[in-house]
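Novice: Here is my input; please provide its structure:
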Amino acid sequence: MNKSRQSSRPPEQVTDRLFATERRPEDFRFDASVARVFPDMIRRSVPGYTTIIPMIEVITEQYAQPGSHCYDLGCSLGASTLAMRHGIPHQDCTLVGVDNSEAMIERCEHYIALDDNNLSVTLRCEDILDTELSNASVTTLNFTLQFVDPDQRASLLTRIAKATRPGGVLILSEKIRFESESEQVTQTRLHHEFKRANGYSDLEISQKRTAIEQVLIPETLAAHKQRLQAAGFDQVLVWYQCFNFVSMLAIKANTLDTD
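Specialist: Okay, here's the model as predicted:
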């Protein structure tokens, strides 16, 4: 593992109060106001996020291949990009972060600059559906696919699988829904309790849910696994779950190990 560590300079910390007062309902957008509070928002909203990020570093260390490309698709402020950067053990790897929000990319550049690792990072402000992919050993979709039009998810995953080297992986983290209505109710209730425990009010929880439910479309775990295998990944496993949030590892078989 690359033993250099991220800069000790503290990142800007702004408390998420976007939904603290009553506001006109509108769809959630990754604009400048969200980018400003995003680290606090995702930490207080996504159970296990602070575990998933460092584990992306661990997984990247195991699967990054010399001379390959590593992609963080939907990189936002670069938390998973930085985790990958510190996990990549090969200096000849190319690390690419992609996000279609200019506000996110601008702040991501700031965090990348603060980091003391010297592996080069390329940031692209473009739609992940259009970005060029090739020679990949590790790709991350960290709570990104859920914001992609469901009709376009299969084609995106197929492109990722085709671009992935034998032995390479996709790390896919998603909010999921459950086939059982009773489990859905229970897991949603526990997720809301998690947010209350992190200081969100009932008004904030309700207003954000209204804003995001038309743009974040969750699917069942079975649907994710089936689509990943259809896309061209040979093994799909869940390595983390907390309530209705999971992270999966989709592995492309190493043809050298098939004999």
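
Novice: Which elements pack onto the longest strand seen in the chain?
Specialist: Under DSSP state E, the strand in the chain containing the largest number of residues is strand 164-175. Using 3 or more CB pairs under 8 Å, 6 or more residues apart in numbering; DSSP states H and E as the contact definition, the elements that strand 164-175 packs against are helix 49-63, strand 136-142, helix 150-163, helix 221-231, strand 245-251. Placement of C-beta: from N, CA and C, glycine included.

Novice: Okay, buried residues for the third one please.
Specialist: Right, the one you point to is helix 150-163. Along helix 150-163, these residues count as buried under the neighbour rule (16 or more other CB atoms under 10 Å): 153, 156-161, 163.

Novice: Can you tell me which of those lies closest to Ile171?
Specialist: If you rank the buried residues of helix 150-163 by distance to Ile171 using CB to CB, Ile160 comes first, at 10.9 Å.

Novice: what residues are up against the closest one?
Specialist: When contacts are counted by CB atoms under 8 Å, 6 or more residues apart in numbering, Ile160 is found next to 73, 133, 136, 139, 141, 170, 231.

Novice: what are the ranges of the strands in the chain?
Specialist: With DSSP E as the criterion, the chain has strands spanning 69-73, 94-99, 121-125, 136-142, 164-175, 235-242, 245-251.

Novice: just those: most buried one?
Specialist: Among the strands of the chain, ranked by average contacts under mean count of other CB atoms under 10 Å, first place goes to strand 69-73 (a mean of 27).

Novice: what's in contact with that strand?
Specialist: Contact with strand 69-73 is made by 60, 64, 78, 80-81, 84, 88, 93-98, 128, 131, 133-142, 144, 160, as judged by CB under 8 Å, 6+ apart.

Novice: Just the CA atoms of that strand, as PDB, please.
Specialist: The C-alpha coordinates for strand 69-73 follow below in PDB (Å, rounded to 0.1, in the frame of the first residue of the first chain):
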ATOM      1  CA  HIS A  69      -6.700   3.000 -15.300                       C
ATOM      2  CA  CYS A  70      -8.700   3.400 -12.100                       C
ATOM      3  CA  TYR A  71     -11.900   5.400 -12.300                       C
ATOM      4  CA  ASP A  72     -14.100   7.100  -9.700                       C
ATOM      5  CA  LEU A  73     -17.400   7.700 -11.500                       C
END
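
Novice: can you give me the mean pLDDT across that strand?
Specialist: Taken as a whole, strand 69-73 has an average pLDDT of 99.

Novice: Likewise for stretch 108-115?
Specialist: The pLDDT scores in stretch 108-115 average 93.

Novice: Now it: buried residues?
Specialist: Of the residues in stretch 108-115, those buried by neighbour count under the rule 16+ other CB under 10 Å are 108-109, 111-112, 115.

Novice: can those residues go into JSON lines with extra columns for distance to Ala197?
Specialist: Output for the buried residues of stretch 108-115, formatted as JSON lines (distance: CB to CB, whole Å):
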{"residue": "Cys108", "distance to Ala197": "29"}
{"residue": "Glu109", "distance to Ala197": "33"}
{"residue": "Tyr111", "distance to Ala197": "27"}
{"residue": "Ile112", "distance to Ala197": "32"}
{"residue": "Asp115", "distance to Ala197": "30"}
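
Novice: With respect to Tyr49, which of these is nearest?
Specialist: Checking the buried residues of stretch 108-115 against Tyr49 by CB to CB gives Tyr111 as the nearest, at 15.7 Å.

Novice: what's the distance between the residue lying closest to Leu119 once chain neighbours are set aside and Trp239?
Specialist: Once flanking residues are discounted, Leu119 sits nearest to Arg85: 5.2 Å by CB to CB, 6 or more residues apart in numbering. Taking CB to CB, to the nearest Å as the measure, Arg85 and Trp239 are separated by 20 Å.

Novice: helices or strands next to the helix or strand bottoming out on mean pLDDT in the chain in the packing?
Specialist: Taking mean pLDDT, DSSP states H and E as the measure, the helix or strand of the chain with the lowest value is helix 32-45, at a mean of 81. Packing partners of helix 32-45 (3+ CB pairs under 8 Å, 6+ apart): helix 49-63, helix 102-114.
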